[in-house]
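Colleague: sequence and computational prediction follow.
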Amino acid sequence: MISVIVALVAFAAGFINAVAGGGSFLTFPALIAAGLPPIDANASSTVALFPGQIATGYAARDGLVAASADNRVNVPALGAISLVGGFVGGILLLVTPQSVFSRIVPWLILFATAVFAGGNFMPISGKKFRLNRAGIFAVQGLVAVYGGYFGGGIGILMLAALTLFGLRNIWLMNSLKILLAVLMNAAAVATFITAGLVHWRWTIIVAVGAIAGGYAGLHAARRVPAQIVKGFVVAVGIVLTVYFFMKPA
C-alpha cells in the first residue's frame with residue numbers, strides 16, 4: 001500500500017516540477033514515510049528526480065545556445081562552479097549525522113518554502129542591488145553547495161541571482177538554471193550512489209512516477225494556472241515545516 005502512495009506522490013511531484021517546480025517537497029517526506037532515514041530519503045529523492053531534470057535540460061537546449069552566445073554569461077565557469085559546489089554539498093551531507101540532519105530538516109524546508117514563495121509571489125527587480133561577475137560566481141557556488149546538500153528552492157535562488165546579475169530574458173535564464181541544476185545534482189547523485197545511500201527500490205518507484213507526472217504536467221501546463229500550482233507547493237511546504245518542527249527528532 002505504501003508503494004502505491006509513494007508512486008502517486010511521485011507522480012504529483014513530477015507534475016508540479018513540470019508546471020512550477022518544488023516537487024522535492026513531496027518526494028522527500030514521502031520517502032521518510034516509507035521508512036527511509038532522513039539523509040537516505042534526501043539522497044534517494046535527489047537521484048530519483050534526476051532523470052526528469054536531464055530530459056528537461058535537453059528540451060531547453062535552444063536556450064542554452066542563446067546563453068552561451070551572451071557575452072555577459074560565462075556558461076563554462078558557472079557550470080564548473082555548479083559541479084564542484086554540488087560535490088561539496090553532497091560530501092557535507094555524507095558527514096552529517098542522521099540525528100543532526102533530522103534537526104536541520106525543518107529549517108531547510110522552511111528556508112526552501114520561503115525562497116519558493118518569495119521568488120514566485122514577490123518578484124525581484126534587481127534595481128537596488130546588483131551582482132557583478134565575481135558576485136554571480138560566488139552566489140552560484142553557495143547555491144550549488146546548498147543544492148548538493150538539500151536542494152529545495154535552488155531554481156528560485158538561481159533565477160533571483162541571475163536577475164540581480166542583470167539578465168532579463170526569462171527563456172535564457174530558465175534554460176541556464178536548468179543546466180546548472182543538472183550539473184550540481186549530477187555531482188551530488190554520483191556522490192550519493194558511491195556512498196551507498198540510495199535505496200534503489202524506492203528510488204525507481206519515485207523516478208517512474210515522477211517521469212509520468214512530468215509528461216502529464218507538460219500537457220497540463222497550458223491549462224492549469226501556474227499560480228494555483230505554486231500556491232499548492234507553498235501550502236505543502238508550510239504544512240511540512242510545521243510537521244517536522246513538531247515531529248520528535
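Modeller: Thanks, I have the structure now. Numbering: from 1, shown residues only.
Colleague: what does the helix or strand of the chain with the lowest mean pLDDT contact?
Modeller: Among the helical and strand segments of the chain, the one scoring lowest on mean pLDDT, DSSP states H and E is helix 61-69, with a mean of 72. With contacts defined as CB atoms under 8 Å, 6 or more residues apart in numbering, helix 61-69 is touched by 57, 73, 75, 169, 171, 172, 174, 175, 176, 178, 179. For every residue, glycine as well, the C-beta is placed using N, CA and C.
Colleague: now those in CSV, with distance to residue 195, pLDDT and neighbour count?
Modeller: CSV is the format used below for those (distance: CB to CB, whole Å; pLDDT from 0 to 100; neighbours: other CB atoms under 10 Å):
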residue, distance to residue 195, pLDDT, neighbour count
57, 24, 72, 19
73, 33, 82, 20
75, 29, 86, 16
169, 38, 75, 14
171, 37, 72, 12
172, 35, 78, 22
174, 31, 74, 18
175, 31, 78, 23
176, 29, 85, 26
178, 26, 81, 22
179, 25, 85, 23
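Colleague: show me the two of these that sit farthest apart.
Modeller: 57 and 169 (17.6 Å; CB to CB).
Colleague: with only the CA atoms kept, save the helix or strand containing residue 54 in CSV.
Modeller: Secondary structure assignment for residue 54, by DSSP states H and E: helix 38-59. Below are the C-alpha coordinates for helix 38-59, written out as CSV (Å, rounded to 0.1, in the frame of the first residue of the first chain):
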residue,chain,number,x,y,z
PRO,A,38,16.2,11.4,6.5
ILE,A,39,19.6,11.5,4.8
ASP,A,40,18.9,8.4,2.8
ALA,A,41,15.5,9.8,1.8
ASN,A,42,17.1,13.1,0.7
ALA,A,43,19.7,11.2,-1.4
SER,A,44,17.2,8.8,-2.9
SER,A,45,14.8,11.7,-3.8
THR,A,46,17.6,13.6,-5.5
VAL,A,47,18.6,10.6,-7.6
ALA,A,48,15.0,9.7,-8.4
LEU,A,49,14.2,13.2,-9.8
PHE,A,50,17.5,13.5,-11.7
PRO,A,51,16.4,11.7,-15.0
GLY,A,52,13.5,14.2,-15.3
GLN,A,53,15.9,17.1,-14.9
ILE,A,54,18.1,15.7,-17.8
ALA,A,55,15.0,15.4,-20.0
THR,A,56,14.0,19.0,-19.2
GLY,A,57,17.6,20.2,-19.9
TYR,A,58,17.5,18.5,-23.3
ALA,A,59,14.2,20.2,-24.1
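Colleague: for it, packing partners?
Modeller: The elements that helix 38-59 packs onto, with contact taken as 3 or more CB pairs under 8 Å, 6 or more residues apart in numbering; DSSP states H and E, are helix 2-19, helix 24-33, helix 75-94, helix 98-121, helix 170-195, helix 200-220.
Colleague: want to try JSON lines for the contacts of helix 61-69, with distance to residue 131 as columns?
Modeller: Supplementary listing: the contacts of helix 61-69 in JSON lines, determined by distance: CB to CB, whole Å:
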{"residue": "57", "distance to residue 131": "24"}
{"residue": "73", "distance to residue 131": "12"}
{"residue": "75", "distance to residue 131": "16"}
{"residue": "169", "distance to residue 131": "16"}
{"residue": "171", "distance to residue 131": "20"}
{"residue": "172", "distance to residue 131": "16"}
{"residue": "174", "distance to residue 131": "18"}
{"residue": "175", "distance to residue 131": "19"}
{"residue": "176", "distance to residue 131": "14"}
{"residue": "178", "distance to residue 131": "20"}
{"residue": "179", "distance to residue 131": "19"}
